[in-house]
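Enquirer: Using only what follows, build the 3D model:
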Amino acid sequence: MVPRREFLKRGLGAVAGSALTVGAGAAPSPRSRPNIVVIMADDMGFSDLGCYGSEIHTPNLDRMAAEGLRFTHAYNAARCCPSRAALLTGLHPHQAGMGDMVTSPGRNVPPGPYQGYLNRNCATIAELLRPAGYRTYMSGKWHVGEAPEHWPRRRGFDRYYGIISGGSSYWKLDQEGPRPRVMAIDDDAHVPSGDTFYMTDAFTDNAVRFIEEHEGPNSPFFLYLAYTAPHWPIHAWPEDIEKYRGVYDIGWDKLRVQRHERMIELGIVDKKWPLSPRDPEVPAWDTVTDKEDRALRMAVYAAMIDRMDQGIGRVLDALRKTGADKNTLVLFLSDNGGCHESVEGRNLHTPGTRPGERGSFLAYQRPWANASNTPFRMFKHWTHEGGIATPLIAWAPDLVRGRGTLTHQTAHIADVVPTCLDLARADYPATFGGNPILPLAGRTIVPVLRGKQRDAHSPLYWEHEGSKAIRDGNWKLVSAAGKDWELYDLEADRTELNDLVTKEPKRAKAMLARWNAWADAVGAKR
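Expert: From the prediction side, this is the model:
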């Protein structure tokens, strides 16, 4: 693990307000088209990595950050399905048919922005890279279409291992209840078995296998590794949990303060942005009577991220062993902020089992999610910063200019597709498979990776289950579902504590008009 002090010693903390911190180093030399690995965590908060201020051991991601580039203003689409759709297609989720969650096969849902599976007016990154000569692999969570005709191999992936549906037990596939989970190997349903199965490890195993079995070197590959960690239920190997026993006895209040201080030290957040107050629905740690259970839940959650990082280390090792590491871009991000949800009402928990154990079905819940999203407000589902801000690490020895730099330029999850196409020198067609496809909403981040200032994003837009937002430059207009619009100057107040909507009515009105026009264009609900 790269110590946080070592980050600071290497100059990783960017000066607040600068557009991009660029370290020394020669411009990257021309190379053949790179391999591309995109890794996504599930329900992981902005402050949950060591290189973003956490106490959780993430040495491999920390090393990627120390050798690559970290974004401080990167965004996802607020929840798993919309984020996955945007990552795969480069479009707003509504344009791809995924404005909300997936729909069960056989449900009579009208076609449109909320149909619950990828439509045919979009093309996935796998469908776009295959004609350019890339081999395309995926290991992990799909969650953008549950009927077999919408599975990964039907959307451009050569090989697939993973879970088609949403989060499940990490020890065995959940096949009971109203929404049974489905796993697949390529086009065939798969039910894992055995005492050694653990979902995170299985996704890593198959990602490594795809890299090792790839037939190169003249044929580049694209690998999408979509972990379910650390999505509930919180399950982890005992030896990983043991590392964190006692760590969280301090409680969520002190943890938030400690993380905030480290984030300022690392340059991830500006010291002029105060730590947001404890969420109003979260009790003070000193008043909690079940501290042991609560601390254990966070220990299990940390162990899940630790195990994911161990897996990422194995992926990086596979790249090195196959000689692919010198010509590979690896991107890492999360699909939404930390998750406030409580799952006890699902009646899947076996009484008497403790957090993390087989048979348990628990979440770490709102208080620890509030800590995961330090220093921001709100959670997964919401379009406040706590719901949509994501770590974004870019690692590529021959592409990223400068080692261990920070950029404050904005990026969005929809930027992944145009970035891949840019590096692959692949065209984005007007039609695909006989269907017209929509113009890309995302924009390449390659100039940022090369140490340059790219043109500012046109306004960024969000809508998910009634939560709405627009970010235009440093200004953000945001509304929680059913609530009034709020206006923030993110340059001065990224923790969204000083609502300026009454002081800047003309600005708010103009931004709302732009959001309404976007909503009408993509079919988002107003």
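
Enquirer: Pull out the buried residues from stretch 409-429.
Expert: For stretch 409-429, the buried set under the neighbour-count rule, 16 or more other C-beta atoms under 10 Å, comprises 409-424, 426. Any C-beta I mention is one placed from the backbone N, CA and C, and that applies to glycine too.

Enquirer: Could you do stretch 142-155 as well?
Expert: Going by 16+ other C-beta under 10 Å, stretch 142-155 has these buried residues: Trp142, His143, Val144, Gly145, Glu146, Ala147, His150, Trp151, Pro152, Arg153, Arg154, Arg155.

Enquirer: Which of those residues sits closest to Met298?
Expert: His143 (25.3 Å; C-beta to C-beta).

Enquirer: mind listing what that closest one touches?
Expert: In this structure, His143 makes contact with Cys80, Cys81, Arg84, Val102, Ile163, Ile164, Ser165, Gly166, judged by C-beta atoms under 8 Å, 6 or more residues apart in numbering.

Enquirer: So how do I select the buried members of those residues in ChimeraX?
Expert: Here is the ChimeraX command that selects the buried residues among those (16+ other C-beta under 10 Å):
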select :80,81,84,102,163,164,165,166
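
Enquirer: which of the contacts of His143 lies closest to Asp317?
Expert: Ile163 (24.2 Å).

Enquirer: from what I can see that closest one touches Met138, true?
Expert: No: applying C-beta atoms under 8 Å as the test, Ile163 and Met138 come out as separate, 11.1 Å apart.

Enquirer: residue contacts, the nearest residue to Glu486 once chain neighbours are set aside?
Expert: Of all residues not flanking Glu486 in the chain, Asp499 sits nearest, at 4.6 Å (C-beta to C-beta, 6 or more residues apart in numbering). Under the criterion of C-beta under 8 Å, 6+ apart, the contact list for Asp499 reads Glu486, Leu487, Tyr488.

Enquirer: Go again with 10 Å.
Expert: Going by C-beta atoms under 10 Å, 6 or more residues apart in numbering, Asp499 touches Val478, Asp484, Trp485, Glu486, Leu487, Tyr488, Asp493, Ala508.

Enquirer: Looks like Arg354 contacts Asp293 (just checking).
Expert: Yes: between Arg354 and Asp293 there is a contact at 8.0 Å, judged by C-beta atoms under 10 Å.

Enquirer: Okay, and which of the buried residues of stretch 409-429 map to strands?
Expert: Gln409, Thr410, Ala411, His412 (DSSP state E).

Enquirer: As JSON lines, the residues you listed with distance to Leu362 and pLDDT would be great.
Expert: Formatted as JSON lines, these follow (distance: C-beta to C-beta, whole Å; pLDDT from 0 to 100):
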{"residue": "Gln409", "distance to Leu362": "39", "pLDDT": "97"}
{"residue": "Thr410", "distance to Leu362": "36", "pLDDT": "98"}
{"residue": "Ala411", "distance to Leu362": "33", "pLDDT": "98"}
{"residue": "His412", "distance to Leu362": "33", "pLDDT": "98"}
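
Enquirer: Tell me which two in these are the farthest apart.
Expert: Farthest apart among those by C-beta to C-beta are Gln409 and His412. That separation is 11.1 Å.

Enquirer: between these two, what contacts are shared?
Expert: By C-beta under 10 Å, 6+ apart, Gln409 and His412 have these common neighbours: His73, Ala74, Ile445, His457.

Enquirer: Return the subset of those lying in helices.
Expert: In helices, judged by DSSP state H, none of the shared contacts of Gln409 and His412 are found.

Enquirer: per-residue pLDDT, the most centrally placed residue in the chain?
Expert: Centroid-nearest residue in the chain: Ser334, 1.4 Å away (criterion: C-alpha atoms, centre = their mean). pLDDT for Ser334: 98.

Enquirer: domains for the chain, by residue range?
Expert: 4-23+31-456, 458-526 (automatic domain parsing).

Enquirer: returning to what we had before: who wins for neighbours among the contacts of Asp499?
Expert: Val478 (28 neighbours; other C-beta atoms under 10 Å).

Enquirer: Okay, the residue nearest to it when sequence neighbours are not counted and Asn347: tell me how far apart.
Expert: Spatially, and ignoring its direct neighbours in sequence, Val478 is nearest to Ala469 (4.1 Å; C-beta to C-beta, 6+ apart). Using C-beta to C-beta, to the nearest Å, Ala469 is found at 35 Å from Asn347.

Enquirer: what about the two, which has more around it?
Expert: Ala469 (28 against 8).

Enquirer: Sheet-wise, list the partners of the helix or strand hosting the more buried one with their directions.
Expert: Assigned by DSSP states H and E, Ala469 falls within strand 467-472. When sheet partners are counted by DSSP bridges, strand 467-472 sits next to strand 460-464 (antiparallel), strand 475-479 (antiparallel).

Enquirer: Point out the most buried one among these.
Expert: Highest mean neighbour count of these: strand 460-464, a mean of 25 (counted as mean count of other C-beta atoms under 10 Å).

Enquirer: what mean pLDDT does that strand have?
Expert: Strand 460-464 comes out at a mean pLDDT of 98.

Enquirer: Please name the nearest non-neighbouring residue to Ala411.
Expert: Here the residue nearest Ala411, using C-beta to C-beta, 6+ apart, is Ala74, at 4.4 Å.

Enquirer: And the helices in the stretch 1-150 of the chain?
Expert: Taking DSSP state H, counting those that start in this stretch to define them, one finds helices in the stretch 1-150 of the chain at 4-9, 59-67, 80-89, 125-129.

Enquirer: Comparing the ones you listed, which comes out most buried?
Expert: helix 80-89 (a mean of 29).

Enquirer: Strand 460-464 and that one, what's the angle between them?
Expert: 140 degrees (axes from the mean of the first three to the mean of the last three C-alpha atoms, to 10 degrees).

Enquirer: And helix 80-89, what does it pack against?
Expert: For helix 80-89, the packing partners by 3 or more C-beta pairs under 10 Å, 6 or more residues apart in numbering; DSSP states H and E come out as strand 35-41, helix 125-129, strand 135-141, strand 221-226, strand 328-334, helix 416-424, strand 460-464.

Enquirer: which residues does His412 form a beta bridge with?
Expert: Judged by DSSP bridges, the bridge partners of His412 are Tyr75.
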